[in-house]
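> Structural data only, the sequence is not supplied:
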């Protein structure tokens, strides 16, 4: 059974600081997704990582995938308050199989 | 842009009612999913489908059924709604390039 673990689960940051969220998974996969969720809303797709070594960046967020280590990271650069949300990673074991989610990381960026 | 549309944002139903939650995607995706999300429990998979008329149980299928008669539409059915099915329901569709969610349906069973 595929397991996906995120850490930390709660992250309180100051603005302008950098931090990384980690996503570990337990079986072979080369399909990993990152999502953002605001309170009361659905999941917004942030990044799709489909191969070992994939790196994608959008604004202050950068995601990477190391399939050998079964690890993805979401790096936040110079955080701003607007980034406050819950971030989820999800792994698709093979094409057409179920998506398995991490527990989510609740990020709060304080002024 | 990929569009996944759920039929209702908010729904209030009575205990014992049969409830239909509809999800439509416009990108010809093979795979579709239904999740529920509850505080402290994360996202839990109810059912998923990898083709028309095909379905697989997820982690919590009890009390639910699904229907996929057409590729673009995946319906979640609560046969006899109960108060413990009060939750946020999220539909998603996926292909080889990613998985995308609808806006969610907040269902309250009274």
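On my side now, so go ahead. Note that the coordinates shown come from a computational prediction; the quantities given were computed from them, not determined experimentally.

> Confirm that residue B:24 sits in a strand.
Yes. According to DSSP: H, G, I helix; E, B strand; the rest coil, residue B:24 belongs to a strand.

> Quick check: the gap between it and residue B:100.
With the distance defined as C-beta to C-beta, to the nearest Å, residue B:24 ends up 12 Å from residue B:100. Any C-beta I mention is one placed from the backbone N, CA and C, and that applies to glycine too.

> Please compare these two by neighbour count and tell me which comes out ahead.
Set side by side, residue B:24 and residue B:100 show more neighbours around residue B:100, with 24 against 18, by other C-beta atoms under 10 Å in any protein chain shown.

> Now do the contacts for the spatially closest residue to residue A:81 that is not a sequence neighbour.
Excluding the flanking residues, the one nearest residue A:81 by C-beta to C-beta, 6 or more residues apart in numbering or on different chains is residue A:109, at 5.0 Å. Taking C-beta atoms under 8 Å, 6 or more residues apart in numbering or on different chains, we find residue A:109 in contact with A:13-15, A:79-84.

> among those, which ones are buried?
Of the members of the contacts of residue A:109, the ones counted as buried by neighbours, 16 or more other C-beta atoms under 10 Å in any protein chain shown, are A:13, A:79, A:83-84.

> Tell me the bridge partners for the residue lying closest to residue A:7 once chain neighbours are set aside.
Spatial nearest neighbour of residue A:7, chain neighbours left out: residue A:22 (5.3 Å); criterion: C-beta to C-beta, 6+ apart. Going by DSSP bridges, residue A:22 is paired in beta bridges with residue A:7, residue A:73.

> so residue A:22 makes contact with residue A:70?
No. If you go by C-beta atoms under 8 Å, residue A:22 and residue A:70 don't touch, sitting 11.1 Å apart.

> close to chain B, is the lowest-mean-pLDDT helix or strand in chain A?
Here the helix or strand of chain A ranked lowest by mean pLDDT, DSSP states H and E is strand A:99-101, holding a mean of 89. Yes. For strand A:99-101 and chain B, the contact criterion (C-beta under 8 Å from any C-beta of the partner chain) is met by A:99-101.

> What strands line up against whichever helix or strand comes after that strand, and which way round?
Tracing the chain past strand A:99-101, the next element assigned as helix or strand by DSSP states H and E is strand A:105-110. Each strand paired with strand A:105-110, and its direction, by DSSP bridges: strand A:10-14 (parallel), strand A:85-92 (antiparallel).

> Would you mind naming what in chain A lies close to chain B?
Contacts of chain A with chain B, taken as C-beta under 8 Å from any C-beta, map to A:33, A:35, A:40-45, A:48, A:50, A:88, A:90, A:92, A:95-104.

> give the contact list for the residue nearest to residue B:104 when sequence neighbours are not counted.
Spatial nearest neighbour of residue B:104, excluding adjacent residues (C-beta to C-beta, 6+ apart): residue A:42 at 4.1 Å. Residue A:42 is in contact with B:90, B:101-104, counting by C-beta under 8 Å, 6+ apart.

> Now a PyMOL select for only the buried ones of these.
A single PyMOL command selects the buried members of the contacts of residue A:42 (16+ other C-beta under 10 Å):
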select buried, chain B and resi 90+101+102+104
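
> Centre-most residue in chain B?
Nearest to the mean C-alpha position of chain B, counting by C-alpha atoms, centre = their mean, stands residue B:34 at 3.3 Å.

> Remind me what the helix or strand of chain B with the lowest mean pLDDT packs against, helices and strands.
Using mean pLDDT, DSSP H and E, the weakest-scoring helix or strand in chain B turns out to be strand B:98-101, at a mean of 87. Counting contacts by 3 or more C-beta pairs under 8 Å, 6 or more residues apart in numbering or on different chains; DSSP states H and E, strand B:98-101 packs against strand A:32-37, strand A:43-49, strand B:87-95.
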